[in-house]
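>>> Please find the sequence and the predicted model below.
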Amino acid sequence: MSELYLRMLDRLLTPVLMALAFFLFMRGHNEPGGGFIAGLTASAAIQLQILSRGDNFVRRRIGPYLLPAAGIGLFFSVTAALIGYANGGFFKSVWFFYQLGELEIELGTPVLFDLGVFIVVFAVVVSFLLSLSRSTREELS
């Protein structure tokens, strides 16, 4: 049974945690941060959902997509390594620069690698949290 204060905290903190995860992800290839810590931060938001709404709610919403997501994330990370290998060295950075008016956007293989790490960490940690909530519920009954 979820408590009222947990549901209120969930509605307030989940968007904040997801925005923080996005910020950490986007600055990761230039400064400390990146896919791993962003994945853990996004997983904390999902843990808050598990606590406030129950594991069945989260399991119905994202549970079926966790295993395929981990595979996709691994594919992204390996692809980033192979693109660098094709351009002269394993994990060599390849950058693409786009100009949108005065804004310059830089995308490259480090961002693709971080995206893969983010997806894998998020999927594995949320799967683990869902399995922990199931085992806890079974012990109580």
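Here it is on my side, so go on. Given the structure is predicted, the values throughout are model-derived calculations rather than measurements.
>>> Only C-alpha atoms from now on, for both contacts and neighbour counts.
Noted.
>>> all helices of the protein, in order?
Along the chain, counting by DSSP state H, helices occupy 4-27, 35-53, 55-62, 66-86, 109-140.
>>> Please identify the most buried of those.
Sort the helices of the chain by mean neighbour count, taking mean count of other Cα atoms under 10 Å, and helix 35-53 sits at the top with a mean of 22.
>>> Report the distance from that helix to the chain centre.
How far helix 35-53 lies from its chain's middle: 8 Å, per Cα atoms, centre = their mean, to the nearest Å.
>>> just the angle between it and helix 109-140, please?
If you take axes from the mean of the first three to the mean of the last three Cα atoms, to 10 degrees, helix 35-53 sits at 30 degrees to helix 109-140.
>>> Mind pulling up the pLDDT for the closest residue to Met26 other than its chain neighbours?
Using Cα to Cα, 6 or more residues apart in numbering and skipping residues adjacent in sequence, the residue nearest Met26 is Gly34, 7.0 Å away. For Gly34, the pLDDT comes out at 87.
>>> Please report the distance of Gly34 from Val121.
11 Å (Cα to Cα, to the nearest Å).
>>> ok, back up a step: Leu24 is in contact with the residue nearest to Met26, correct?
Yes. In this structure, Gly34 is within contact of Leu24 by Cα atoms under 8 Å, at 5.7 Å.
>>> Give me the sheet partners of the least confident helix or strand in the chain by mean pLDDT and which way each runs.
Across the helices and strands of the chain, mean pLDDT, DSSP states H and E gives its lowest value to strand 103-108, namely a mean of 82. Partner strands and pairing direction for strand 103-108 (DSSP bridges) are strand 95-100 (antiparallel).
>>> How far away from the center of its chain is the strand it pairs with?
24 Å.
>>> And the contacts of it?
Residues outside strand 95-100 that contact it (Cα atoms under 8 Å, 6 or more residues apart in numbering): 104-109.
>>> of those, buried ones?
Buried by 16 or more other Cα atoms under 10 Å: 108-109, out of the contacts of strand 95-100.
>>> TSV for the contacts of strand 95-100, including distance to Leu6?
Output for the contacts of strand 95-100, formatted as TSV (distance: Cα to Cα, whole Å):
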residue	distance to Leu6
Glu104	41
Ile105	39
Glu106	39
Leu107	38
Gly108	40
Thr109	39
